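**Student:** Structure here, sequence nowhere to be found:
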């Protein structure tokens, strides 16, 4: 049987598809928006099937350049709930393929339309074709650490207050349409807000897989040159003094996460 679906967004289509999926859903050639929607759904729900995605390399690189999306995807990959592989050739439409249904997705800008069929022969043919393609496809090298590990280690090694501010800044950026700050900049800003040593935050960042100590040091220098953060020397028993990070812009003192992001954006841009 063939049926048409018309929904307001990808999430609504996804909910319809899930009603027929018990084990695994194969997604072929999704847009960046669809990838983000599926990752967010995977994080928010524990009852989802395993997601296997065949995605164009350019699409994945663009999407996974966003730290929060990439780190959430890394969580799903680590849990065995998501597999990302590179699609060698584009499909005519985005496809959702389950054992019982094939759905082709078409976006109109304001709505999402889909043509769905559960014809057994057609579903079996499409399923075999793209599952074979998935088996042969190259895995996407997701290098961003899982967000759960980022939070857990920051809490344990840097402190709960810094981790709380880190979460608040990420949430603030997720809920607005402005240009996101990169993860190293966010880490340094919340570290400066909580008077954390540069050595501690950069070592943590390198150990967890966010960036190298050298990247943290270069970003610290850039933020310092712009007046967003400052440093003070902290003597130690042996070796050169360590640097304690401090907020350098009075507009950042005592502000909430959204205002911290807004001030930092204005300075950086």
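**Tutor:** Looks like it came in fine. These figures come from a predicted structure and were not determined experimentally.
**Student:** So which residues of the stretch 101-250 of the chain form helices?
**Tutor:** Applying DSSP state H, counting those that start in this stretch to the stretch 101-250 of the chain gives helices spanning 120-136, 147-157, 160-174, 183-193, 198-208, 213-225.
**Student:** low-scoring pLDDT stretches of this structure, where are they?
**Tutor:** Applying pLDDT under 70 to the chain picks out residues 1-9, 19-20, 22, 90, 108-111, 239.
**Student:** centroid residue for it?
**Tutor:** For the chain, the residue nearest the mean C-alpha position is residue 69 (1.3 Å; CA atoms, centre = their mean).
**Student:** Assign that one to helix, strand or coil.
**Tutor:** Residue 69 falls in the helix class when you classify it by DSSP: H, G, I helix; E, B strand; the rest coil.
**Student:** before we move on, the earlier item: pipe the helices of the stretch 101-250 of the chain into a markdown table and attach mean neighbour count and distance to residue 269 per row.
**Tutor:** The way it works is simple: take the backbone N, C-alpha and C, and place the C-beta from them, glycine included. Converted to a markdown table, the helices of the stretch 101-250 of the chain look like this (neighbours: other CB atoms under 10 Å; distance: least, CB to CB, whole Å):
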| stretch | mean neighbour count | distance to residue 269 |
| --- | --- | --- |
| helix 120-136 | 13 | 41 |
| helix 147-157 | 17 | 25 |
| helix 160-174 | 18 | 14 |
| helix 183-193 | 25 | 12 |
| helix 198-208 | 19 | 23 |
| helix 213-225 | 16 | 13 |
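**Student:** I'd like these as CSV, with distance to residue 28 appended.
**Tutor:** Formatted as CSV, the helices of the stretch 101-250 of the chain follow (distance: least, CB to CB, whole Å):
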stretch, distance to residue 28
helix 120-136, 5
helix 147-157, 26
helix 160-174, 27
helix 183-193, 30
helix 198-208, 33
helix 213-225, 35
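**Student:** hmm, back to that, please report the distance of the residue nearest to the centre of the chain from residue 160.
**Tutor:** From residue 69 across to residue 160, the span is 25 Å (CB to CB, to the nearest Å).
**Student:** Run a quick neighbour tally on residue 62.
**Tutor:** Other residues near residue 62 come to 12 when the count uses other CB atoms under 10 Å.
**Student:** what's the helix or strand for it?
**Tutor:** If you go by DSSP states H and E, residue 62 is part of helix 57-63.
**Student:** Return the list of helices and strands in contact with that helix.
**Tutor:** Where contact means 3 or more CB pairs under 8 Å, 6 or more residues apart in numbering; DSSP states H and E, helix 57-63 is packed against helix 32-44, strand 82-86.
**Student:** ok now the longest one, how far from the chain's centre?
**Tutor:** Offset of helix 32-44 from its chain centre (CA atoms, centre = their mean, to the nearest Å): 9 Å.
**Student:** shouldn't residue 260 be in contact with residue 189?
**Tutor:** Yes - between residue 260 and residue 189 there is a contact under CB atoms under 8 Å: 6.4 Å.
**Student:** Which residues are in contact with each of the two?
**Tutor:** 169, 252 (CB atoms under 8 Å, 6 or more residues apart in numbering).
**Student:** now for the helices of the stretch 101-250 of the chain, which one comes closest to residue 252?
**Tutor:** helix 183-193 (7.3 Å; CB to CB).
**Student:** what angle do that closest one and helix 213-225 make?
**Tutor:** Counting by axes from the mean of the first three to the mean of the last three CA atoms, to 10 degrees, helix 183-193 lies at 60 degrees to helix 213-225.
**Student:** which residues sit against helix 183-193?
**Tutor:** 67, 158, 162, 165-166, 169-170, 181, 198, 200-201, 205, 210-211, 215-216, 219-220, 223, 228-230, 245-248, 252, 260, 264, 268.
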